[in-house]
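Chemist: everything below, folded, please.
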Amino acid sequence: MQKELAYNLIKLAKEIKSIVCLPMRFFKINRIVNKPSYYPELPRKTRLKRWMDNVEWLLKDKLLNAYYTSYGLDVNDFHRQEDYIPQRTFIKTRNAGNQILKLTESGDYNYIVLLRDKYVFASYLSAVIGSQYVVESVGIVDRGRLFLKKKNTWSELETLIEMDGNWVFKVIDGECGDGVYLISISNGEIFASGQKMNLESFSKEILKDARWLIQPVVKQHPALEVFGTKSVNTIRIITIRGKSGTIGVFNAFFRIGADKDSFVDNRALGGFGVGVDLETGQLMRYGFQHDHFGGKAEKHPLSGIVFEGYQIPYWQETIELIKRAHLQFYEFQSIGWDVVITKDGPILLEGNDDWEIGGPQDTAGGLKKRWAELTNA
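Modeler: Got it, this is the predicted structure:
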């Protein structure tokens, strides 16, 4: 009882803080109103109307709508604000469904580590649905020591230079593409994203004190390789577990790199998100960049491939796989999956409990109604 009271007091304190900070947020509305439109070809609302839209949103949600222009809400007679899930409301609802705290006498816990720790995620999911459906985890680096799964043993970090090949090193609990390096090892030499380093400098400058997961470089399906990016282009698909236990697909968008020298596809680092038709697996008309970069495109900037109608391979197999995988994470209401399509079919790269609503609503429009339908199913 005391624990529940403490957690409720923390929630109340956050609510009070959001109200206290409200006046300061009014002064930031101009930043949103002054942003260029994602739809310059369409007639835009007056500046006053855009300002009033954002005041209304702020009063209701207690947060500014950072996605106002990417949602196309600045355009006349286009999209309606009431169809969109506001950011603060979304975060509270998402977390309430995914961060269910188990209060026990011996200690409190939840299940978030199953998704947040990439090594735990891959190890667990490989065991319950089959290793052929999950990107392989070769091993981990932790505090100057190396663990290799196949050898099932720990060794000194010097063993690393014997691992000839191309590898992806990820901070085990990293987010949004941060802490990801493409590492090549050949004849005792290490190349980190193309830069030659010795083991000492690699340890001090790259590894530092973080814990790292080592994975092989995955080769994507030829149909996705033709975009000409260094990145392995993934599909972000969100599944929702309804009240009955039914797993439904909420949204899907194809993430594709836009920089020829980048090997990550995240929108937060400049990539595009292109909506995927949930029935057919075909791409929609526009690719949207993150609000920090701004803009949309109808074709890929490097390859010139038109997005609309482009077919994602193995689509039905992908849908079946993520639904089956979500059943193994029975304490989570919603999961944002990162899926790689290979020549042999889909494999799972990551699952995220803290997925964002911006990408889905940028690429598919307002999703408030669909959220309600799937969570209540």
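Chemist: from here on, just use CA atoms for contacts and neighbour counts.
Modeler: Fine.
Chemist: partner strands of the helix or strand containing residue 167, with direction?
Modeler: Per DSSP states H and E, residue 167 falls inside strand 165-171. Partners of strand 165-171 in the sheet, by DSSP bridges, are strand 180-186 (antiparallel), strand 212-216 (antiparallel).
Chemist: and the next helix or strand after the longest one, which strands flank it?
Modeler: Heading C-terminal from strand 180-186, the first helix or strand you meet, by DSSP H and E, is strand 189-192. Based on DSSP bridges, the pairing partners of strand 189-192 within the sheet are strand 180-186 (antiparallel), strand 195-197 (antiparallel).
Chemist: starting at the chain centroid, how far to the first one?
Modeler: Average the C-alpha atoms of strand 180-186, do the same for its chain, and the two points are 22 Å apart (C-alpha atoms, centre = their mean, to the nearest Å).
Chemist: identify, out of the strands paired with strand 189-192, the most deeply packed stretch.
Modeler: Neighbour counts (mean count of other C-alpha atoms under 10 Å) averaged over each of the strands paired with strand 189-192 peak at strand 180-186, with a mean of 18.
Chemist: buried set for the strand or helix carrying residue 97?
Modeler: Assigned by DSSP H and E, residue 97 falls within helix 87-98. Within helix 87-98, the residues scored as buried using 16 or more other C-alpha atoms under 10 Å are 87-88, 90-91, 94, 97-98.
Chemist: how about stretch 188-207?
Modeler: 190-192, 199, 202, 206-207.
Chemist: doesn't residue 126 make contact with residue 328?
Modeler: No: using C-alpha atoms under 8 Å, residue 328 makes no contact with residue 126, being 11.0 Å away.
Chemist: which of the two has more residues huddled nearby?
Modeler: Using other C-alpha atoms under 10 Å, the more surrounded residue of residue 328 and residue 126 is residue 126, with 18 against 13.
Chemist: name all residues that make contact with the more buried one.
Modeler: Contacts for residue 126 (C-alpha atoms under 8 Å, 6 or more residues apart in numbering) come out as 132-134.
Chemist: mind listing the helices for the stretch 1-150 of the chain?
Modeler: Along the stretch 1-150 of the chain, counting by DSSP state H, counting those that start in this stretch, helices occupy 2-20, 22-26, 29-33, 47-61, 87-98, 113-116, 118-129.
Chemist: correction: the previous question concerned the stretch 251-377 of the chain.
Modeler: Secondary structure of the stretch 251-377 of the chain, counting by DSSP H, counting those that start in this stretch: helices at 315-326, 358-364, 368-375.
Chemist: much appreciated, bye for now.
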